[in-house]
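**Student:** Need a 3D model of the sequence below.
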Amino acid sequence: MSRKTAGFDRLAIFVLGLVLVAGGAAVGAWGLGLLDDVGLSGPQSISTQGATDAAQQGWWPYATAAGALVLGLLALWWLLAHVPHRGTDALRLPGSSSKGSLALDGDAAAAVAAQVIAEVAGVRSASGKVVSERGQLIAELDVTAEPEVDLLALDAAVVEVSRDLATVLSRPDVRGRVHVRIARRSKGMARVA
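**Tutor:** As a prediction, the model looks like this:
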């Protein structure tokens, strides 16, 4: 969810809250007869005859269908605006200025780092990407290893690749995260019942 969407949500909830509080206070004051004390006169009774008459008109089904369509599209927009987007744009590198900018595809750099880790003996697969979580850039590597992998060799490779990736990205605000999953069974082993 973008900051613009979050700001719109907060504003809409604030306005809706004010309307509900004001409406509730007005209805409560009317019900208790307090409106007469401040010089306002509320209705003595409420009639729904206007709504009943409108519902019997020929245009009513079209108006309700149009209203439902507008509300449905608004709800769809609202839901799509709240779909989490973790991807990042190209990362600006140090040395960028008003004369020109240096940018790097963070996902490509993380994918190359994952390929290096995938070459370690006992690693089944590895992937990498740069994501944005709560305003923080994170270079994320996901590694799946065989049960018999040499964990010390894997650890050494992860440390070296992470150091190299930090050098390539040249951004102190990018953090690293490595997920290592150990497979339950070695690839190709027969399943015992």
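
**Student:** Helix or strand: which one has the residue nearest to residue 30 when sequence neighbours are not counted?
**Tutor:** Among residues not flanking residue 30 along the chain, residue 42 sits closest, at 4.1 Å (CB to CB, 6 or more residues apart in numbering). Every C-beta, even on glycine, is put in place using the N, C-alpha and C of the backbone. Using DSSP states H and E, residue 42 falls within no helix or strand.

**Student:** and residue 42, what does it touch?
**Tutor:** Contacts were defined as CB atoms under 8 Å, 6 or more residues apart in numbering; by that measure residue 42 touches 30, 35-36.

**Student:** Specify which residues of the protein, grouped into ranges, have pLDDT under the cut-off.
**Tutor:** Across the chain, residues meeting the criterion (pLDDT under 70) sit at 1-2, 84-89, 96, 188-193.

**Student:** Could you check how many residues crowd around residue 166?
**Tutor:** 16 (other CB atoms under 10 Å).

**Student:** roughly how far apart are it and residue 179?
**Tutor:** 18 Å (CB to CB, to the nearest Å).

**Student:** ok so, going back, gap between the residue nearest to residue 30 and residue 52?
**Tutor:** To residue 52, residue 42 is 22 Å away according to CB to CB.

**Student:** which residues sit against the strand or helix carrying residue 161?
**Tutor:** Assigned by DSSP H and E, residue 161 falls within helix 151-169. Applying CB under 8 Å, 6+ apart, the external contacts of helix 151-169 come out as 91, 93, 104, 106, 109-110, 113, 116-117, 120-123, 139, 141, 143, 145, 174, 176, 178, 180.

**Student:** same thing with stretch 126-135?
**Tutor:** Residues contacting stretch 126-135 (CB under 8 Å, 6+ apart): 85-88, 91, 106-107, 109-115, 117-118, 137-144, 174.

**Student:** just the helices in the chain please.
**Tutor:** Taking DSSP state H to define them, one finds helices in the chain at 3-32, 49-55, 60-81, 106-118, 151-169.

**Student:** Check which residues of the longest one are buried.
**Tutor:** For helix 3-32, burial by neighbour count (16 or more other CB atoms under 10 Å) applies to 29-30.

**Student:** follow-up on the earlier one: now the residue nearest to residue 30, what are its backbone angles?
**Tutor:** When read as degrees, to the nearest 10, the backbone of residue 42 gives phi -90, psi 170.

**Student:** Start at 542, not 1
**Tutor:** With 542 as the first residue, the last one maps to residue 583.

**Student:** how far away is it from residue 685?
**Tutor:** Residue 583 sits at a distance of 69 Å from residue 685 (criterion: CB to CB).

**Student:** ok, back up a step: please pick the buried ones from the contacts of helix 692-710.
**Tutor:** Applying 16+ other CB under 10 Å to those, the neighbour count classes 632, 645, 647, 650-651, 654, 657-658, 661, 663-664, 680, 682, 684, 686, 715, 717, 719, 721 as buried.

**Student:** For stretch 563-573, C-alpha coordinates in CSV please.
**Tutor:** Once non-C-alpha atoms are left out, stretch 563-573 reads as follows in CSV (Å, rounded to 0.1, in the frame of the first residue of the first chain):
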residue,chain,number,x,y,z
ALA,A,563,-22.0,14.6,14.7
GLY,A,564,-25.0,12.6,13.3
GLY,A,565,-25.2,10.5,16.5
ALA,A,566,-25.0,13.6,18.7
ALA,A,567,-27.8,15.3,16.6
VAL,A,568,-30.1,12.2,16.8
GLY,A,569,-29.4,11.9,20.5
ALA,A,570,-30.2,15.6,21.1
TRP,A,571,-33.3,15.3,19.0
GLY,A,572,-34.5,12.2,20.9
LEU,A,573,-33.9,13.9,24.3
